[in-house]
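**Q** Sharing a sequence plus its predicted fold:
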Amino acid sequence: MAHRGRPTPEIILSAEERATLQRWAQRHSSSQALALRSKIVLACAQGDLHGEIAAKLGCHPVTVGKWRRRFAELRLDGLVDAPRPGAVRTIGDDVIEKVIVETLETAPPDATHWSTRGLAAKHGISHTTVREIWRAFGLKPWREDSFKVSPDPDLVEKIRDLVALYINPPVAAAVFAVDEKPQIQALNRTAPTLPMLPTTPARATHDYQRNGTVDLFAALEIATGKVITDIRARHTSADFVAFLNKVNRNVPADLEVHVILDNLSAHKTPTVHKWLLRHRRFHLHFTPTYGSWMNLVERWFSALTTKKLQRSAHRSVHELAADIQAWTAAWNDNPTPFVWHKTAEEILERLAGYCAAINQQDPST
């Protein structure tokens, strides 16, 4: 049977092209998009199949085919994002590469990162040109994300355990992500909030009155997105056990119960251990140290904060509690499950990349 579809162009690299692609792919601080495209072309030149390349680099086979064809047609220029319609480009590739390299690998003597005007003055180009180069290569030197590598000795096992509960939960079992949001303040503004008007956002005074705090316990059912809550004055181990009793009453007796929670000391007291001995169907699964991002109930807490608490006013803790309960009831009328997408292997590979980058920056570690 004749093969249908586009013919696959053969990729044969010159020594100069191979060196450039390897430099783009291996430079630690390269644009991620450019580094991926370079790796795809290098793999194509080795004769690897599209499916193999896609699996190895974590992309779609269609993406591999796209950049193979682009490189075959335009060579190295084909890996750079296509220019937008408009005036003919007057900045040479050498200037663009210098701007990118300096942005990624150097800093001015009076700052921690380059500004558009600083680089523009150094290279004799306009600051809007520098901004366009940064935008084309996804560079944002004014931003800095933070990370924390967990020192948990059981990190790998805990990641695999939690991801398995999210992606492939046990049969005949309910899985809950549980946590507390402590010290939610009942705040009331000292002046009424002015409503939003055309061209003018809503305006609230900076001054506020504190009217007490409450602690919110929440258990997010992973399968349905429904939430069991309990509002208390504190979050001791006795309060935690009382909340577990509430969860127990809301789960059919024939189901096992798997609870994902953090390493708070109140979750590991003798009181909690005694309760677990009396309720054998409950199984606790702890997130890694500094791994609260793996607890999906944090997404629900975020929604509660941004959609309700952040811009609300409450004259008492009773008003605050009633507001939280009403919002939770509305959520449970039309719950939205939070879907976990990353596999354990993807998470561990990302962590390995962080560790490798740290060791590269500081060989003594």
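**A** Cool, the structure landed. Residues are numbered from 1 along each chain as shown.
**Q** Show me where this structure has its strands.
**A** Assigned by DSSP state E, the strands in the chain fall at 173-189, 208-221, 227-232, 256-261, 282-286.
**Q** With Asn263 as the reference, measure out to the residue most central in space within the chain.
**A** Centroid-nearest residue in the chain: Trp293, 8.5 Å away (criterion: C-alpha atoms, centre = their mean). Trp293 is 14 Å from Asn263, where distance means C-beta to C-beta, to the nearest Å. The C-beta positions use only the backbone N, C-alpha and C, and glycine is treated the same way.
**Q** Surely Arg189 is in contact with Ala313?
**A** Yes: at 5.2 Å, Arg189 counts as touching Ala313 under the criterion of C-beta atoms under 8 Å.
**Q** tell me, what's touching those two both at once?
**A** Tyr208 (C-beta atoms under 8 Å, 6 or more residues apart in numbering).
**Q** Compare those two (neighbour count), which wins?
**A** Using other C-beta atoms under 10 Å, the more surrounded residue of Arg189 and Ala313 is Ala313, with 18 against 15.
**Q** so who does the more buried one touch?
**A** 187-189, 193, 208.
**Q** and these as JSON lines, adding pLDDT?
**A** Below are the contacts of Ala313 laid out as JSON lines (pLDDT from 0 to 100):
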{"residue": "Leu187", "pLDDT": "85"}
{"residue": "Asn188", "pLDDT": "83"}
{"residue": "Arg189", "pLDDT": "84"}
{"residue": "Thr193", "pLDDT": "80"}
{"residue": "Tyr208", "pLDDT": "79"}
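**Q** Pull out the buried members of the residues you listed.
**A** 187-188 (16 or more other C-beta atoms under 10 Å).
**Q** And Arg278, how far from Gln360?
**A** Per C-beta to C-beta, Arg278 is found 51 Å from Gln360.
**Q** So which of the two has more stuff around it?
**A** Higher neighbour count among Arg278 and Gln360: Gln360, with 10 against 7, using other C-beta under 10 Å.
**Q** any idea how far that one lies from Arg350?
**A** Taking C-beta to C-beta, one finds Gln360 at 16 Å from Arg350.
**Q** quick one: which of the contacts of Ala313 is nearest Pro169?
**A** Set against Pro169, the nearest of the contacts of Ala313 by C-beta to C-beta is Leu187 (38.3 Å).
**Q** my guess is that closest one meets Asp207, correct?
**A** No: Leu187 is not in contact with Asp207 according to C-beta under 8 Å; the separation is 10.2 Å.
**Q** How confident was the prediction at Val101?
**A** pLDDT, Val101: 89.
**Q** With Leu197 instead?
**A** In this model, Leu197 is scored at 81, pLDDT.
**Q** How about Gln185?
**A** Per-residue pLDDT puts Gln185 at 90.
**Q** Skip the chain neighbours and tell me the closest residue to it.
**A** Of all residues not flanking Gln185 in the chain, Thr213 sits nearest, at 5.3 Å (C-beta to C-beta, 6 or more residues apart in numbering).
**Q** Wait, the one you found touches Leu187, no?
**A** No: with contact defined as C-beta under 8 Å, Thr213 does not reach Leu187; the gap is 9.9 Å.
**Q** quick revisit: now distance to Ser302 too, for the strands of the chain, in JSON lines please.
**A** Output for the strands of the chain, formatted as JSON lines (distance: least, C-beta to C-beta, whole Å):
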{"stretch": "strand 173-189", "distance to Ser302": "10"}
{"stretch": "strand 208-221", "distance to Ser302": "12"}
{"stretch": "strand 227-232", "distance to Ser302": "13"}
{"stretch": "strand 256-261", "distance to Ser302": "16"}
{"stretch": "strand 282-286", "distance to Ser302": "21"}
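**Q** how does the chain divide into domains?
**A** Under automatic domain parsing, the residue ranges defining each domain of the chain are 15-83+92-136, 155-191+206-333.
**Q** Where among these is average confidence lowest?
**A** Within the domains of the chain, confidence is poorest for domain 15-83+92-136, with a mean of 82 (mean pLDDT).
**Q** Look at that domain and report the distance between its end residues.
**A** One end of domain 15-83+92-136 sits 27 Å from the other (C-alpha to C-alpha, to the nearest Å).
**Q** Next, format the domains of the chain as CSV and append distance to Ser146.
**A** Formatted as CSV, the domains of the chain follow (distance: least, C-beta to C-beta, whole Å):
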stretch, distance to Ser146
domain 15-83+92-136, 15
domain 155-191+206-333, 11
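**Q** And those domains: which comes nearest Arg143?
**A** Among the domains of the chain, the nearest to Arg143 by C-beta to C-beta is domain 15-83+92-136 (9.3 Å).
**Q** what's the offset of the closest one from the middle of its chain?
**A** For domain 15-83+92-136, the separation from the chain centroid amounts to 24 Å (computed by C-alpha atoms, centre = their mean, to the nearest Å).
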